[in-house]
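S.K.: need coordinates for the following:
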Amino acid sequence: MPETSSKPMHETSRNEIANKPKLRMSREFAFPKRLVFEAWSKGEYVSKWFIPAPLTTPECVVDLRSGGVFRVVMRMPDGQEFPMYAVFTEVIPDERIVFEATIHGGVDIHTVVTFTENQGRTTVNVHQRYSHESDATRGAQAGWTQTLNQLEVHLKTRL
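M.R.: All right, here's what the predicted structure looks like:
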């Protein structure tokens, strides 16, 4: 199992990060990147698609700017809640979102989301690095797959 660290991800050296658990995913959407990026722009949008079903989102705060807060509380069907506290460290409209998050179990997550458009279709790339392995990080690929599926449904219903 990977070594754990008490340092927040933003205080971790590049060499330490290189050896941490990670996730890379890519998904193409049949929508212009302006619309796909907009889905990240407000809590009322993000709360509809950002967490995998059957979880719900009783709280979602999105201040999409560098230094802005990104907070999501995920609720299981049994009522158990899992908060995610994050700060956006870089936001380039329609291009890139970077945030540093902490989730249950003390897992720090560095996330980079990029948006590229080709002929009206947008590819979203998600790259995450985790401070250490946990149940949440082991399930991240399945969770992001479902989350991006929900993003597609959200985009279709908005048009």
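S.K.: where's Lys22 relative to Val61, distance?
M.R.: For Lys22, the distance to Val61 equals 26 Å [Cβ to Cβ, to the nearest Å]. Heads up, the C-betas are built off the backbone N, CA and C, glycines and all.
S.K.: before we move on, what about Arg138?
M.R.: To Val61, Arg138 is 27 Å away according to Cβ to Cβ.
S.K.: these two: which is more packed in?
M.R.: Val61 (16 against 12; other Cβ atoms under 10 Å).
S.K.: make sure Leu35 is indeed in a helix.
M.R.: Yes. Leu35: assigned to a helix according to DSSP: H, G, I helix; E, B strand; the rest coil.
S.K.: can you classify Phe88 by secondary structure?
M.R.: Following three-state DSSP, the label given to Phe88 is strand.
S.K.: any idea how many residues pack against it?
M.R.: Neighbours around Phe88, by other Cβ under 10 Å: 21.
S.K.: the one 3 residues further on now?
M.R.: Using other Cβ under 10 Å, Val91 has 19 other residues around it.
S.K.: ok, Phe115 next?
M.R.: Residues near Phe115, counting by other Cβ under 10 Å, number 21.
S.K.: what of Leu55?
M.R.: Leu55 has 19 neighbours, counted by other Cβ under 10 Å.
S.K.: my guess is it contacts Arg75, does it?
M.R.: Yes. Contact criterion Cβ atoms under 8 Å: Leu55 and Arg75 qualify, at 6.2 Å.
S.K.: what's the weakest-modelled helix or strand in this structure?
M.R.: Sorting the helices and strands of the chain by mean pLDDT, DSSP states H and E puts helix 14-18 at the bottom, at a mean of 53.
S.K.: quick check: what element follows it along the chain?
M.R.: Proceeding N to C from helix 14-18, the next assigned helix or strand is strand 22-29, under DSSP states H and E.
S.K.: where does this structure dip in pLDDT?
M.R.: Low-confidence segments of the chain, defined by pLDDT under 70: 1-18, 159.
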